[in-house]
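J.: Sequence and computational prediction follow.
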Amino acid sequence: MRKCDKFECMQAVDVDKVVLDLAHQHFGLRNSGHMKAEVGDALQFMSRLAEEVAKSLVGRKNNETSVGASDPRVHVIVVDVDVDEGDARLGLSSPPSSFLERKFLTEARTVLHTGGLLAMNVVPTGAKAYHGVVAALSSIFEEVYESVVEGDVNRVVFALPAKGTGLHLDGILASALRNVLDVQLFTGIHRAGIGGLKISS
C-alpha cells in the first residue's frame, strides 16, 4: 500500500492488529499525511463513513456546508480479505458473507464518487457461488466487471456506481489500482456475466 501515492489519501482498516504490525515491521508501512492504517472493524468503519457522507450531501443540498469543506466521498474501495475467512455455506473462501450483504454494498455505493469503484477479491469454490457474488453486486451497482487470471481460482470484481463510466485500462483509477493489485489482474477484464466483452483500453 505504500506505493499508492497516486491516491490523495488512503485509509486501511484491518480487524487483526498482528496483520498491521507485520506490515509496519516487514513491509515498510508507515502512517503519514496521506496514508493511515488502523485496527478496527471495516464494516463498522464503512457504516460511519456512509453516515458522514449522507450528512455532508444533505448539507450541500441545503447550502449548510461551510466553504472549502472537503468531500468525504472516496474514489476507490478495496475489499481484500484473507482466504479461508469466507463463508463455506455460500461456497466462498473469500470474502465473508457480510461484505456481500445489501447493507454493506449500499453503504459502499453511498461512499463512492460517481466515477469511483469498489474492487473486491473473490475466491469462490464453484461457479454457483461466484455467480451469487456477481448478482449481489449487480443488485446495487450499475456496472460490474471481472478479472480472471488463467489457472487461478482468485478473481477480482470491480463494481461501478454509475453507468457508462467504464473501467478504462489507461484511466486514472486503473493506473492507481495497479499499485494495489497484481498487474495480471488487468489483462483479462470484461463485463461480469457477459463473456468476451472487453473493456476499452
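T.: Okay, I see it. The structure presented is a predicted model; accordingly, all values stated were derived computationally and were not measured.

J.: from here on, contacts and neighbour counts on C-alpha atoms
T.: Fine.

J.: Please identify the helix or strand for residue 144.
T.: Using DSSP states H and E, residue 144 sits in strand 143-148.

J.: Okay, buried residues for the helix or strand just after that strand please.
T.: Downstream of strand 143-148, the next assigned helix or strand under DSSP H and E is strand 155-160. Residues of strand 155-160 classed as buried by neighbour count (16 or more other CA atoms under 10 Å): 155, 156, 157, 158, 159, 160.

J.: Using a markdown table, please lay out the residues you listed together with distance to residue 52 and pLDDT.
T.: Formatted as a markdown table, the buried residues of strand 155-160 follow (distance: CA to CA, whole Å; pLDDT from 0 to 100):
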| residue | distance to residue 52 | pLDDT |
| --- | --- | --- |
| 155 | 31 | 84 |
| 156 | 28 | 85 |
| 157 | 26 | 90 |
| 158 | 24 | 89 |
| 159 | 22 | 91 |
| 160 | 21 | 90 |
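
J.: Check those residues and tell me the two furthest apart.
T.: The largest separation in the buried residues of strand 155-160, counting by CA to CA, is between 155 and 160 at 16.5 Å.

J.: need the next SSE after the helix or strand of the chain with the lowest mean pLDDT, C-terminal direction.
T.: Taking mean pLDDT, DSSP states H and E as the measure, the chain has helix 172-177 as its least confident helix or strand, at a mean of 56. Following helix 172-177 in sequence order, the next helix or strand is strand 189-191 (DSSP H and E).

J.: Let me know the average pLDDT across that following strand.
T.: For strand 189-191, mean pLDDT rounds to 77.

J.: Do you have the strands of this structure handy? List them.
T.: Assigned by DSSP state E, the strands in the chain fall at 10-14, 35-39, 74-79, 92-94, 112-124, 143-148, 155-160, 189-191.

J.: Just want the angle from the fifth one to strand 143-148.
T.: For strand 112-124 against strand 143-148, the angle by axes from the mean of the first three to the mean of the last three CA atoms, to 10 degrees is 40 degrees.

J.: same for strand 112-124, what does it pack against?
T.: strand 74-79, strand 92-94, strand 155-160 (3 or more CA pairs under 8 Å, 6 or more residues apart in numbering; DSSP states H and E).

J.: And the first one, by the same measure?
T.: With contacts defined as 3+ CA pairs under 8 Å, 6+ apart, strand 10-14 has these neighbours: strand 35-39, helix 42-61.

J.: which stretch among those comes nearest residue 134?
T.: Using CA to CA, the nearest of the helices and strands packed on strand 10-14 to residue 134 is helix 42-61, at 19.7 Å.
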